[in-house]
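Peer 1: Sequence first, then the predicted structure:
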Amino acid sequence: MITITKLSKVFRTEELETKALSEISLTINQGDFVSIMGPSGSGKSTLLNIIGLLDSASSGSYKLLDQEMVGLKEKSRAQARKENIGFIFQNFNLIDELSVFDNIELPLIYNNVPSAERKSRVNEIAKILGIAHRLKHFPQQLSGGQQQRVAVARALINNPKIILADEPTGNLDSRNGNEVMELLTDLHAGGSTILMVTHSDYDASFSQRTILMKDGEILSEKVNHRNVDVLVTANN
Amino acid sequence: MLKNWINIFIYQLKHNKLFNILNILGLSIGIAGLIFATLYWNDEYSYDKWNPEKDKTFIVMNNVGKGNIFATNSAITAPLLKSSTPYVDNYCYFNDYYTKETVQYDGKIEIIDKIFSAQKNFFSFFPFEFKYGNPKTVLQEPQSIVFSEETAFHLFKNENPVGKQVKYADKMYVVRGVYRIPGKSVVMPSAVTNSIEEDLEKQKDHWGFNFGLVIKLNKKSDAPLVAKSLDEIFIEKNYKRQARKEGMTLELFIKTYGEPLKTIVIPFENSRLITGSYPFPEGTGNLQFLRILMGLSIVILLLSIVNYINLATANAIKRAKEVGVRKIIGATKGQIVLQFVFETALTMLFALLLALVIVEVSLPFYNQFLNKELVIAGSQFYLQLVVIFILVVIVSGVFPAVYISNFEVLNVLKGNFSHSKSGLWLRNSMLILQFSIAVFFIIGSIVVYQQVQFMVEKDLGFNGSQIMNITFRAQKDKEQFKRYQTIKEEINKIEGVEAVSAGAFAIGENWSSRGGLHYKNIPEVLIQQLGSDFGMLEMLGVKLVKGRFLTEKLASDTISNVLLNEVAVEKINEKNPLDKIIDWQGGKYKVVGIVKDFHYYGLDYEISPMIFFHINTQKWTQGNIESISVKISPKNMQQTISELKAYWSKKVDSEYPFEYNFLDKNFARTYRKYEDQRNLFALLNIVVILIAVFGLFALASFSMERRLKEIAIRKTLGAETNILLKELSKQYVIFCILGFFIGIVPAYLLLQKWLKNFPFRIDITLLPFFLAFVSLLFLTLTIVLVKAYQVTKVDVLKYLKYE
């Protein structure tokens, strides 16, 4: 689904040239749940932004669904983003001025889905995520976990090919964090492709694969085992 | 999508109530001003729109040089033009005034205002609708009269009056028709006669400029050729003949008497909005006022739009996150632009509706002010409204929308965007623009106030406070002057009457008689001729500079002695004018006195050269006695007036009611126009300052609240309040000063232009500029310091913890 080869990102200021990513190669297949870990400044967020088409690479190749994304114009990137990618952010990035319903509905509006269908789809996903009773509320009236559920609902509403999560539990307490991780696991079990950036080993353990980054390079890649699930559930 | 946009719009509206309300209010005042100006404009342009002849018709006027334009013409020119050139299809002479007279029918007397006289083909130029009678023939026979529907109803009720006889101006007229005026026109008479034909016949060889003239051309493009032909006719029939009579060559004659006049031929269509002389009795529209109103409302609207743009871009930073999220989720730039333009459109819709309410509520006052009957109606008006709306939305909406849609998604979502300096230069320059507009208005109102005050206080050179002018109508076969002399004797006996006199002129009314005066080899001086009975100038309190007034003791004072005013003396260039002989009205006259200049027409006009003479000196002027002036004692005024009235209706005129005007009142009328302008300017000034103050407050609030964290840090580090205040308000003082210097230039130039309207005007001093500077700086400091003080009282912990 995603094939990255020798991808580099260089930030230039007048005096300084910083390599945020240097010649990274990575493949993510359909149905994968991959987490990226690494210290601050290791380039993991930059990588996520490039994959999410929010940022552009300096060189190398990034193929999304066999289409080359490097060198694409902003307009086509926006188009590809709109169709294929769902985002979940650390700080949720919900629009405070819109109700939960309106927030979730937004991607459908921009994809020209007719009104009646929008309504049924929002209701459906809200039911799945357990926020159906919150649809009329505004984000500020919700707990952090609920807000992140709304954000997840919004990310999913459009049936994206891949979900990008940037520290989805970073602003949540452990209980709410857990809920969100379970949600992601469930999504993965349902066939979704997920790429997640995280600081937390615990969160990363939910995924199939963990990629460790440092100084813009991939240090290691390891395959996780799901045995921790049982342990945590027991502890709870 | 619309629902989503509306939701967020309503949220923003609710959460910024005060700012939004003030913003909408400012915008609606600006739009209301523009609507007012538009209504006025439409009204002025609606004159004679209905008239199918308008595009073929041309008005003929005469430029006699030195800025004097006669709207009237000689009876000689048009017939000659028609017979000697191929251009003219038809012409029509008419009187350039309405008459107010009594019309008698069946023993009943009605006073009819707006009686008009024109040649028989008048209705082919102004094709009114005819209820009775045939427009082609109604004015064919001599002594014919036609009435408007309303007037006919007054006189005849619902009868068909055609063929009936009425008495008007001591003659019998036959009613030939009844018309209805289809729309606004520069001629809207209540009755039309053809009595002018007699005058034209009498004056057919006379070069007196007494008649309005319109012509219909075969080809519109012939207008310049017509003007040229008329100029030639004037030289041929007037100058050449006079030169021959005086035994001069044409060149010498021109050198002595000045250049011949230049004919002006202007299209009739939309001629109402020309400035200056105009032959039609409904007069011209006040184009200058219209322009001022239009200009000022656009400036106010601009000011409100600037406020709107400022607040919208400032607010945009708060909404950066929303925009970022929308973009990530899939909104295109176009969609974001559309969303924000849509919000602007909604805001403007509110403002527009409010503006319509304002207009509806204040329309009666506006109508009173303009002396009009404007209404909000007509498809043209609504179309203009839509255009105004779209223009305002584009001007105020597109810019902030594009600005917002250009936010970088990544920057926004990284969360440090709210402190960016984005759009700062724009808002600051807008603020400077607002300051300069405010400066313009403050200076403007002060200067306008000073000028109007100057006019109100200026000594006019005569004292009219106790003088009443009683309308004195001519009667058939009786000499006005003889009648006056009898009346004078009788009135003088009434208690409270201090003096009685009469003249062939009326101060403060807009008509006068002029003639040529010659002295030595000085070019002809066009002089205002003021004939009167003895004692007139003394009664008016006009001062004497040299010599003496005319007196009944000297017989020669009614034959050959005259007085001049100072302007006339200056024109004939004579240091010692007393006892000098001048040529005037084909005779020699001796100057026995010099009168100090006084303002015959008020301060709107230059003082003309004037000649004063006894009314017996020029017998023809006796017919021009239209009123008798009576000076009455301020004690028991009402008593005196009622006695005068009783005498008048018994002995002088039993038909026409006793009608009088105090001279002061005549003058007050001529000032009202400017006092109105002053009040309008003062009102607009308040509006502008309020809008500007609000803009400043909003912007200062906004940018200071952005700096709360900085202030919190500074306070933690030990900054004192007054240092912080200085820090916060410094930039606004600089903007204020910059705005001041930008604003004074157009203020000075435009006010100079406005003052040029007044022959008697103030000089622009430094005072208004100084006052404007001080008051603006004071306002700025007050607003900014209040806000800054509020900001420095911020809870330090709150901001240090959260950011």
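Peer 2: Received it, and whenever you're ready, just let me know what you need.
Peer 1: Quick one: list the elements packing against the helix or strand containing residue B:531.
Peer 2: Using DSSP states H and E, residue B:531 sits in strand B:522-532. With contacts defined as 3 or more C-beta pairs under 8 Å, 6 or more residues apart in numbering or on different chains; DSSP states H and E, strand B:522-532 has these neighbours: helix B:250-257, strand B:514-519, helix B:566-572, strand B:610-614. From N, CA and C alone the C-beta is placed, and that goes for glycine too.
Peer 1: Please repeat the previous calculation with a cut-off of 10 Å.
Peer 2: Where contact means 3 or more C-beta pairs under 10 Å, 6 or more residues apart in numbering or on different chains; DSSP states H and E, strand B:522-532 is packed against helix B:250-257, strand B:497-502, strand B:514-519, helix B:536-540, strand B:561-565, helix B:566-572, strand B:581-584, strand B:610-614.
Peer 1: Just name the most buried of those.
Peer 2: Ranked by mean neighbour count, those are led by strand B:561-565 with a mean of 26 (mean count of other C-beta atoms under 10 Å in any protein chain shown).
Peer 1: For it, the averaged confidence score.
Peer 2: In this model, strand B:561-565 has an average pLDDT of 93.
Peer 1: For it, which strands pair with it and how are they oriented?
Peer 2: Strand B:561-565 has its sheet partners listed here by DSSP bridges as strand B:587-595 (parallel), strand B:610-614 (antiparallel).
Peer 1: Can you add mean pLDDT and give the ones you listed back as TSV?
Peer 2: Formatted as TSV, the entries for the strands paired with strand B:561-565 read as follows, by pLDDT from 0 to 100:
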stretch	mean pLDDT
strand B:587-595	92
strand B:610-614	92
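Peer 1: Quick check: which of those strands is nearest to residue A:194?
Peer 2: Ranking the strands paired with strand B:561-565 by distance to residue A:194, with C-beta to C-beta as the measure, places strand B:610-614 first at 101.1 Å.
Peer 1: For whichever helix or strand comes after the closest one, which helices and strands make contact with it?
Peer 2: The first helix or strand that comes after strand B:610-614 along the chain, using DSSP H and E, is strand B:627-632. Judged by 3+ C-beta pairs under 10 Å, 6+ apart, strand B:627-632 is in contact with strand B:467-471, helix B:480-492, strand B:497-502, helix B:536-540, helix B:637-647, strand B:660-662.
Peer 1: All the helices of chain A, in order from the start?
Peer 2: Counting by DSSP state H, the segments of chain A that form helices are A:44-51, A:74-84, A:100-110, A:115-128, A:144-156, A:174-189, A:201-204, A:228-235.
Peer 1: Buried residues of the helix or strand residue B:356 falls within, list them for me.
Peer 2: Counting by DSSP H and E, the element that carries residue B:356 is helix B:333-370. Buried residues in helix B:333-370, defined by neighbour count with 16 or more other C-beta atoms under 10 Å in any protein chain shown: B:333, B:335-348, B:350-352, B:354-356, B:358-359, B:363, B:366, B:370.
Peer 1: Contacts only, for the residue positioned nearest the centre of chain B.
Peer 2: Residue closest to the mean C-alpha point of chain B, counted by C-alpha atoms, centre = their mean, is residue B:286 at 3.3 Å. Contact analysis of residue B:286 by C-beta atoms under 10 Å, 6 or more residues apart in numbering or on different chains lists B:40, B:44, B:273, B:275, B:292-293, B:370-371, B:673, B:677.
Peer 1: helix/strand/coil for residue B:50?
Peer 2: When states are read from DSSP: H, G, I helix; E, B strand; the rest coil, the local structure at residue B:50 comes out as coil.
Peer 1: list the contacts for it?
Peer 2: Residues B:126-129, B:181-185 are the ones in contact with residue B:50 under the rule C-beta under 10 Å, 6+ apart.
Peer 1: Using JSON lines, lay out those residues together with pLDDT, secondary structure and neighbour count.
Peer 2: Written out in JSON lines, the entries for the contacts of residue B:50 read as follows (pLDDT from 0 to 100; DSSP: H, G, I helix; E, B strand; the rest coil; neighbours: other C-beta atoms under 10 Å in any protein chain shown):
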{"residue": "B:126", "pLDDT": "92", "secondary structure": "coil", "neighbour count": "28"}
{"residue": "B:127", "pLDDT": "92", "secondary structure": "coil", "neighbour count": "15"}
{"residue": "B:128", "pLDDT": "92", "secondary structure": "coil", "neighbour count": "24"}
{"residue": "B:129", "pLDDT": "92", "secondary structure": "strand", "neighbour count": "12"}
{"residue": "B:181", "pLDDT": "91", "secondary structure": "coil", "neighbour count": "17"}
{"residue": "B:182", "pLDDT": "90", "secondary structure": "coil", "neighbour count": "14"}
{"residue": "B:183", "pLDDT": "87", "secondary structure": "coil", "neighbour count": "11"}
{"residue": "B:184", "pLDDT": "88", "secondary structure": "coil", "neighbour count": "17"}
{"residue": "B:185", "pLDDT": "90", "secondary structure": "coil", "neighbour count": "20"}
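Peer 1: Spatially nearest residue to residue B:366 (excluding sequence neighbours)?
Peer 2: Nearest residue to residue B:366 in three dimensions, chain neighbours excluded: residue B:36, at 6.0 Å (C-beta to C-beta, 6 or more residues apart in numbering or on different chains).
Peer 1: got it, and residue B:165?
Peer 2: Setting aside the residues directly before and after it, residue B:165 is nearest to residue B:172 in space (C-beta to C-beta, 6+ apart), at 5.3 Å.
Peer 1: and if you look at residue A:23?
Peer 2: Residue nearest to residue A:23 in three dimensions, not counting chain neighbours: residue A:6, with 4.5 Å by C-beta to C-beta, 6+ apart.
Peer 1: again, but for residue B:503
Peer 2: Counting by C-beta to C-beta, 6+ apart, residue B:532 is the residue found nearest to residue B:503 once chain neighbours are left out, at 3.2 Å.
Peer 1: Ramachandran coordinates for the residue of chain B found nearest chain A?
Peer 2: Taking C-beta to the nearest C-beta as the measure, the point where chain B comes nearest chain A is residue B:330, at 3.1 Å. Recorded main-chain torsions at residue B:330 are phi 130, psi 10, according to degrees, to the nearest 10.
Peer 1: Tell me which helix or strand in chain B has the weakest average pLDDT.
Peer 2: The weakest-scoring helix or strand in chain B, judged by mean pLDDT, DSSP states H and E, is helix B:796-802 (a mean of 58).
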